[in-house]
Every structure is written in C-alpha cells, then in structure tokens.
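In: Test case, fold it:
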Amino acid sequence: MQAERNTTDRNYTDEEIRLFVEDLESLPGGDLTVSLLVGCGERAIPPLQNFLLHGKPRGIFQPRQRAVEALGQLNAKDVLMEYLSQKREIADAVVRFGEEAVENTAARELARWLTDDVYTFLLARAEQRRLPGVIETLGKFERPEAAEVFIRALGDDVARPVAEDALRRVAGRAKPALIQAARRVVSGDDEKPSERQTRRSVMRILCELPLREREWAELKPLLRDRDKEIAILAAEIAVDSASSGEKREAAHFLIHSLAGVPWFLQTRISDCLQRNYSSVCELLEEESKARRRTVKGEPLSDPVVRILEKVRSEGEKCSLREQARNG
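Out: Sure, this is the predicted structure:
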C-alpha cells in the first residue's frame, strides 16, 4: 500500500505500521513514509529494526537508507549500532556499494549522540573498516586521541576527504601525531602510493598550522624528500615558519620548482610567496631578472616569469595598502 494517510493521525495499528515499512520500497513516496513512521513513535522501531537487520541488501539501497533515517529520528541508537556491528559478505559489487551507502548513513545518524559509548563504538568500527560515515562522525567528537585513526584513513581514496576534515578539527592538538606521520618515510622505493598520499595530506594540514621552531626542525629533513610535492610543502612551511636564512633558501627552492610542477602546486607556491612578500621580495626580484635573461623572446611568454611578475605586482599593491592604513 502507498503511504497516503493523514500524517496527523497517529492511532495506527501494528499491521498498518508494518505496511508503512513495506512502503519504504516505494521510491516516489518513500520520504513521506519516513515521516509517517516517525510520527508513529516507538511502535515503529521493531518493524524497522527487522527490515534493516534481517532484510536483504540490494543494489537499490534507498529503502534501507530511509529505514536508517527513520530509526535515527526515532532515537533508536542501539538498533543503528547493532546494524553497524553486523558482518556482511556481499559478493555482488553493485549490492555491496549500495549497502555501504546504508552503513555510511547509519554512521552519520549516530552523530545525534556525541556520547562516550558511541565514540568508543565508532572507534572500534574504524579500526576494522574505514567507512567515510564512521570517520566523519568520529571527527565531530573532535578528540585528538583519534588522530591516528584519521591519519590511517588518509590512505583510502574514498575516506580521505572526511579524514582530512576530521584531522583539521583536532590538528592544533594533534601536531605530534601529524609530524610523526609526515616523517614516516619508507626507505628506498618501497613506499606505497597510499602511504605517499597519506604524507602529502598530512603535510597540507601542517601547512595550515602555526609551528614552533622545534616543530619545524623535525620537518626540516623533508626538504630533501624523494617526493617533490612533499618537499615543496616542507619548503612552504619553511617560508612561513623558519628563520630568515632558511626562509630564503626555501623560497629559492620554491621559485626554481615552478617550472616543473603541475598547476595546483604552482598555485600553492605563488600563494606562499605572496603572503610572505615582504620577506622574499628581494629574492623574487633577483630570480625574476635571472629568469628573464634565459628567456628567448618576450619575457612574459615564459610562465614562470608571469607567475613571479604577478606575485611581485600583487605584493607591491598589498604593501601600498598596508602603508596607507598605517599612515
């Protein structure tokens, strides 16, 4: 039956509630059915629990996802945790993908309860499987002791965005873990792509933090990292945080890296030089002149010269505005 009843009438029989649960299968009317079930109160929990825990996962996952949403609104925390505790071996890739969407929704619904028991439960689930929904909800607790879990999730392409967001929430209180992860270099060529990506993500987060001199000293060896992107990120931190001598050396490295890196790293380098213009303006002028001497034809036809000229121009404008404000 389709859920077309008056949503203000809550005196439904158990049979009607069971039929409402069946109506979750209706893609057009499923959202209205969720409202009806939530309006039925706690009496809707057992049939929803049976539908979710004992129902068969399918490629069309929205009905089970709606059941999860209804259980969340009905405060059925224990049912959601029981569901996430189940072990499912699903051979069909389409069905497995759909059920993971349901699991992620269930984990996100648990964000309604930022309590110790939910935190402990999700932490255990994250150690077993790095579902994005689990990582996302764990991040909302903002507990730095979970940083290692988030760092490990950085190696997963699907979980990485929410893991980065979770780490940013605790980064200021988890700097030791982040620095240790950034320095976790595998010797030779044995570093896996996922491990390299993890260090890149960690370095991008560290670039956003104010670092003390001793913290920078721990990262300084990464200026010679085998991975060019990590070396550039380390140089960015140096220009932002290191002493004047190291700042100049790192800025020199960044400028000379402009020609051989993709656009997104060129943008990072440009932004770094821009925000530190007062410290690197003389070096920028020197390097721009040296680069112009090597260019055949019109200097601005060279992309590196164009970048340096834009940084110089914007830097001078910012300096003039600052002088006017102080003046």
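
In: Below-threshold pLDDT in the protein: ranges please.
Out: Judged against pLDDT under 70, the low-scoring parts of the chain cover residues 1-10, 186-189, 320, 322-324, 326-327.

In: quick check: domain ranges of it?
Out: According to automatic domain parsing, the chain is divided into the following domains: 1-112, 114-184+193-209, 225-327.

In: highest average neighbour count across the ones you listed?
Out: Mean neighbour count, computed with mean count of other Cβ atoms under 10 Å, is highest for domain 114-184+193-209 among the domains of the chain, reaching a mean of 19. All C-beta spots, glycine's among them, are computed from the backbone N, C-alpha and C.

In: Show residues contacting stretch 265-283.
Out: Contacts of stretch 265-283 with the rest of the structure, by Cβ atoms under 8 Å, 6 or more residues apart in numbering, involve 229, 232-233, 236, 239-240, 244, 247-248, 251-252, 254-255, 257-258, 261, 284, 307, 310-312, 314-315, 318-319.

In: Go again with 7 Å.
Out: Residues from elsewhere that reach stretch 265-283 (Cβ atoms under 7 Å, 6 or more residues apart in numbering): 229, 232, 236, 239-240, 247-248, 251-252, 254, 257-258, 284, 307, 311, 314-315, 318-319.

In: What residues does R130 make contact with?
Out: Listed by Cβ under 7 Å, 6+ apart, the contact set of R130 reads A153, D156, A159.

In: Which ones among these map onto helices?
Out: In this view, the contacts of R130 that belong to helices under DSSP state H are A153.

In: Looking at the contacts of R130, which one is closest to E15?
Out: For the contacts of R130, the residue nearest E15 by Cβ to Cβ is A159; the value is 42.0 Å.

In: OK, contacts around that closest one?
Out: Applying Cβ under 7 Å, 6+ apart, one finds that A159 lies in contact with R130, P132, I135, A153.

In: likewise R160?
Out: The contact partners of R160, taken as Cβ under 7 Å, 6+ apart, are A153, L154, S201.

In: mind putting those residues in TSV, distance to E15 included?
Out: As requested, the contacts of R160 are exported to TSV (distance: Cβ to Cβ, whole Å):
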residue	distance to E15
A153	44
L154	50
S201	52
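
In: Give me the distance between A91 and S288.
Out: Shown here: A91 relative to S288, a distance of 60 Å by Cβ to Cβ, to the nearest Å.

In: hmm, back to that, among the contacts of A159, which are in helices?
Out: Of the positions in those, P132, I135, A153 sit in helices, assigned by DSSP H.

In: export those to TSV and tack on distance to A174?
Out: What follows is the ones in helices among the contacts of A159, written out as TSV (distance: Cβ to Cβ, whole Å):
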residue	distance to A174
P132	20
I135	15
A153	14
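
In: between the residues you listed, which is closest to I45?
Out: Set against I45, the nearest of the ones in helices among the contacts of A159 by Cβ to Cβ is P132 (26.3 Å).

In: pretty sure that closest one is touching T105, no?
Out: No - between P132 and T105 no contact is recorded; they are 10.7 Å apart, counting by Cβ atoms under 7 Å.

In: which residues sit in contact with the closest residue to E25 other than its chain neighbours?
Out: Across the structure, with Cβ to Cβ, 6 or more residues apart in numbering as the measure, the residue nearest E25 apart from its sequence neighbours is P63 (4.8 Å). Counting by Cβ under 7 Å, 6+ apart, P63 touches L24, E25, G30.

In: I60 and L265: what is the separation?
Out: The gap separating I60 from L265 is 42 Å, by Cβ to Cβ.

In: same deal with A163?
Out: Computed as Cβ to Cβ, the A163 to L265 distance reads 22 Å.

In: go on, P47?
Out: Here the criterion is Cβ to Cβ. By it, P47 lies 54 Å from L265.

In: Check G139 too.
Out: For G139, the distance to L265 (Cβ to Cβ) stands at 27 Å.

In: and if you look at L131?
Out: Relative to L265, L131 is positioned 31 Å away (Cβ to Cβ).
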